[in-house]
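In: Just a sequence and a predicted model for now, questions to come.
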Amino acid sequence: MVTETLPDTATVRAWLDEVPDPEIPVISVTDLGIVRDVGWQGDTLVVGVTPTYSGCPAVAVIEFEIEAHLRARGIEEVRIERRLSPPWTTDWLTDAGREKLRAYGIAPPVDGTAQDVSTLRAARMAGGTNLVVECPRCGSGATEKLSQHGSTPCKAAYRCHECLEPFDYFKCI
Amino acid sequence: MPSLPDMATPNVTELAAGRRGASRDMLAEVPDLKPAFFEWLCRMGDTTLILGHRLSEWCGHGPALEEDIAIANTALDLIGHTQMWLNLAGEVEGQGRSADDLAYLRDAMHFRNALLVELPNGDIGRTLMRQFLFDAWHHEMLGRLEGSAVTEVAEIAAKAKKEVAYHLDRSSDLVVRLGDGTEESHARMQDALDILWPYTGEFCTGDAVDAAVAKAGIAPRPEDLRAPWLAFVGEVLEEATLDMPQNGHAQKGGRQGRHTEHLGYLLAEMQFLQRAYPGAEW
């Protein structure tokens, strides 16, 4: 009988750093902060994953890719568990992930600005928002929100007044 | 009519008094609660499902690209909420039905959505007014559900509420812009409000099912949402220079399975694939 040593969870986490987000492939699932926990239950590796947006079509793909990647690394028994609570927030994006987003042309979320209805409304009534989203291309803070809803649920559409380029903002939730 | 839970069971009170537990624990302690809890979960899931489908009808037809995308994103969120509510409904029912089974394999009389969400879209003004009236209720409801005695309900609500905050922000903004816009847009928004208003009463009218889940601490009594809903809606309508209708008549029945003629047509499209090719997957 061959006794195999199961890889420790730090190793597994390092492997998960290699699994890209299917919609924004420059960042990994760990950059995104959606891998909540990794642990062994007997011979089964259990990975807790928190969905980003409820209806995000990428969620199922992400779970599939995590499983496929871990199997490719030789782990035979993998179980992905969806962890709804606490709900995912953009505050969980890693610093490295934020820089990768910026380099890719997506402005990273401005932390702690996941807003409730009354602050969103108050900001709107005061003539817009005091949130400064820097252009990922030229770094200018002279930008304008075109739409709260961008190409995917997690993004808003912005425009830079300095370099005149449109860009996506990874909006806070 | 589902049988109602035994209100005298002390465990119900105990659970409602702040002890939170998983749905299976709640049902183990109060088995009679199952039919009402299942029914209530279908009301939540069917309402988000039908509105999500209605909104998806705008995909590719929006009046501006940004609005087209915003509506599609909102529809996607609502379908996501549906998956969570109907999955839980299937688990609670315990008959092995999945969220997809519930969505695709029931006929109109088994749907429990409120009537407002099955009404045809009309023009973009009417779609936005419907969205605003619904979002204001939805946001308030999810806020209350975060304190549910059932863990899964509280978790779904906490997740969904973050997304619905964006929905409500957008729909209130557009109701104000169009209401306080041109003569034409103002007239259309007022018209939409007058037509849709009678369908809002249903959201705040409870029945025996609502009473049972409220008693168990799962959800608030629908009547308790009326005042905060009215306050929020009234404030936005005033800003939008629109007159809140004084008509107190409420069109009801959707949450009990009595629907308008429109739902059948919607289901014929939404369920087409499963009806033509039963069990098809991709």
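Out: Here it is on my side, so go on. Numbering: from 1, shown residues only, chains lettered A, B, ... in the order given.
In: which residue is nearest the centroid of the chain?
Out: Went with chain A since none was named. A:Leu32 (3.1 Å; C-alpha atoms, centre = their mean).
In: other chain: chain B
Out: Judging by C-alpha atoms, centre = their mean, chain B has its centre closest to B:Thr47, at 3.7 Å.
In: OK, contacts around the residue nearest to the centre of chain A?
Out: By C-beta atoms under 8 Å, 6 or more residues apart in numbering or on different chains, A:Leu32 lies in contact with A:Asp21, A:Thr52, A:Trp92, A:Leu93, A:Gly97. Where you see a C-beta, it was placed from the backbone N, CA and C, and this is true even at glycine.
In: so the fourth one touches A:Pro108, yeah?
Out: Yes. Taking C-beta atoms under 8 Å as the definition, A:Leu93 is a contact partner of A:Pro108 at 6.7 Å.
In: can you list residues touching both of these two?
Out: A:Leu101, A:Phe170.
In: pLDDT weak spots in the stretch 151-282 of chain B?
Out: Nowhere does the stretch 151-282 of chain B drop to pLDDT under 70.
In: and it, which of its residues are near chain A?
Out: Within the stretch 151-282 of chain B, the positions adjacent to chain A are B:151-152, B:154-156, B:158-160, B:162-163, B:165-166, B:168-170, B:172-173 by C-beta under 8 Å from any C-beta of the partner chain.
In: so how far is A:Leu16 from the residue nearest to the centre of chain A?
Out: 11 Å (C-beta to C-beta, to the nearest Å).
In: just the strands in chain A please.
Out: A:35-41, A:44-49, A:77-82, A:106-107, A:143-147, A:155-160, A:166-170 (DSSP state E).
In: Same list, those, but as JSON lines with mean neighbour count, mean pLDDT and distance to chain B please.
Out: Converted to JSON lines, those look like this (neighbours: other C-beta atoms under 10 Å in any protein chain shown; pLDDT from 0 to 100; distance: least, C-beta to the nearest C-beta, whole Å):
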{"stretch": "strand A:35-41", "mean neighbour count": "15", "mean pLDDT": "93", "distance to chain B": "13"}
{"stretch": "strand A:44-49", "mean neighbour count": "18", "mean pLDDT": "94", "distance to chain B": "13"}
{"stretch": "strand A:77-82", "mean neighbour count": "13", "mean pLDDT": "92", "distance to chain B": "10"}
{"stretch": "strand A:106-107", "mean neighbour count": "22", "mean pLDDT": "94", "distance to chain B": "16"}
{"stretch": "strand A:143-147", "mean neighbour count": "17", "mean pLDDT": "89", "distance to chain B": "4"}
{"stretch": "strand A:155-160", "mean neighbour count": "21", "mean pLDDT": "92", "distance to chain B": "7"}
{"stretch": "strand A:166-170", "mean neighbour count": "21", "mean pLDDT": "93", "distance to chain B": "11"}
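In: what comes up buried for stretch B:27-34?
Out: B:Leu27, B:Glu29, B:Val30, B:Asp32, B:Leu33, B:Lys34 (16 or more other C-beta atoms under 10 Å in any protein chain shown).
In: let me redo that: stretch B:252-262
Out: Neighbour count says stretch B:252-262 has B:Lys252, B:Gly254, B:Arg255, B:Gly257, B:His259, B:Thr260 buried, by 16+ other C-beta under 10 Å.
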